[in-house]
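Participant: Below are the sequence and a predicted model for it; my questions follow.
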Protein chains: 2
Amino acid sequence: MDIEKVNSMDFGEFVDVFGNVIERCPLIAAAVWSQRLFSDLEDLKKHFFAFIDALPQSGQEGILRCHPDLAGSELRRGTLTAESQREQSGAGLTTLGTDERLRLAELNAQYRARFGFPFVLAARLSDRAAVSRELARRLLCPSAQELRTALGQVKKICSLRLADLLHADPAKL
Amino acid sequence: MDIEKVNSMDFGEFVDVFGNVIERCPLIAAAVWSQRLFSDLEDLKKHFFAFIDALPQSGQEGILRCHPDLAGSELRRGTLTAESQREQSGAGLTTLGTDERLRLAELNAQYRARFGFPFVLAARLSDRAAVSRELARRLLCPSAQELRTALGQVKKICSLRLADLLHADPAKL
């Protein structure tokens, strides 16, 4: 799909296609449509990021809270979004042993209790060992710093999903 | 459900319960959770409204774009949210004759083309004759005024859905 195709979309098509580049936040794609026409992938991405950055802190935390736990209950129940299922699967999180899964569940619970949002990581750029290590590390970070880190991960996920949709080379993102 | 129950919810439960009081915008409920504790239904509602009011215009238009058409393709395909299905059904929109449905589809298309968002109306406070009449009337309104009117309807829908969840008397809203 090229940028001319993107620019030709009405808002219904646009939200259908880009509604989940920020996990479970179709509102953001629906808002970004107001900024068309887009010059290229970079420009499109810029508008998604600008919308996130302009939200009050509660809204930024809200974005994070729309994300599932990694290797969590939604994965077991099969209620993940298609994108999240693919990403968690690619990182090996769908085939954890019981011990590893319980250890991750415990860390996820500690993280949620500490920060008031779930641990978010661009799983496609990671693997099962790194997820657990990174979660243990970030659990100790100051809250304000952790919010920034987590939103940075939301943007990485967004970049990768946009690149998939526009068939761009993820190495260049 | 009383307000103590609401205040005891972690963000996962809160988003599960209140995630669709603004149609397909769980981000907003997830953001409002940051504002707890809530003193009562009125207070909870106030935080939802304040979040909407603080969004840039693109975000407010984004909320509207997450709504389905009334008596539109999603109703026919069966992909409406449970809340929307109930509300459209209550207004008699699920049993329109072909002529009436086509007339409404034509007006909806004109409205979307004119304003860049779908026609939003608290269907529960309306009926099939009024929907069509109101759509024809609002189609002629100036854009800035229509954005305000549509957001007012989003808030009415939100009030009614919150009242359902807290079993409050809708007549008092």
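Facilitator: That came through, no problem.
Participant: Can you verify my assumption that residue A:75 contacts residue A:87?
Facilitator: No: with contacts counted by CB atoms under 8 Å, residue A:75 stays clear of residue A:87, the gap being 10.8 Å. For glycine as for every other residue, the C-beta is placed from the backbone atoms N, C-alpha and C.
Participant: So those two - more neighbours on which side?
Facilitator: residue A:87 (23 against 20; other CB atoms under 10 Å in any protein chain shown).
Participant: So which elements touch the longest helix along chain A?
Facilitator: Across chain A, the helix with the greatest residue count (assigned by DSSP state H) is helix A:143-166. The contact analysis (3 or more CB pairs under 8 Å, 6 or more residues apart in numbering or on different chains; DSSP states H and E) places helix A:143-166 against helix A:11-18, helix A:41-54, helix A:57-65, helix A:98-115.
Participant: how about CSV for those helices, with mean neighbour count added?
Facilitator: Putting the helices and strands packed on helix A:143-166 into CSV (neighbours: other CB atoms under 10 Å in any protein chain shown) gives the following:
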stretch, mean neighbour count
helix A:11-18, 18
helix A:41-54, 17
helix A:57-65, 22
helix A:98-115, 15
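Participant: Chain B is nearest to which of those?
Facilitator: Closest to chain B of those is helix A:57-65 (CB to the nearest CB; 3.2 Å).
Participant: contacting residues around the helix or strand following the closest one?
Facilitator: Sequence-wise, the next helix or strand downstream of helix A:57-65 (DSSP states H and E) is helix A:73-77. Residues from elsewhere that reach helix A:73-77 (CB atoms under 8 Å, 6 or more residues apart in numbering or on different chains): A:68, A:69, A:80, A:84, A:85, A:88, A:93, A:94.
Participant: got the angle between the helix or strand following helix A:73-77 and helix A:143-166?
Facilitator: Downstream of helix A:73-77, the first helix or strand assigned by DSSP H and E is helix A:82-90. Angle, helix A:82-90 to helix A:143-166, by axes from the mean of the first three to the mean of the last three CA atoms, to 10 degrees: 100 degrees.
Participant: buried sites along helix A:82-90?
Facilitator: A:83, A:84, A:85, A:87, A:88 (16 or more other CB atoms under 10 Å in any protein chain shown).
Participant: if we can go back for a sec, let me have the helices and strands packed on helix A:143-166 in a markdown table, extended by distance to residue B:9 and mean pLDDT.
Facilitator: As requested, these are exported to a markdown table (distance: least, CB to CB, whole Å; pLDDT from 0 to 100):
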| stretch | distance to residue B:9 | mean pLDDT |
| --- | --- | --- |
| helix A:11-18 | 28 | 98 |
| helix A:41-54 | 25 | 98 |
| helix A:57-65 | 12 | 98 |
| helix A:98-115 | 13 | 96 |
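Participant: Of the ones you listed, which is nearest residue B:148?
Facilitator: helix A:11-18 (19.2 Å; CB to CB).
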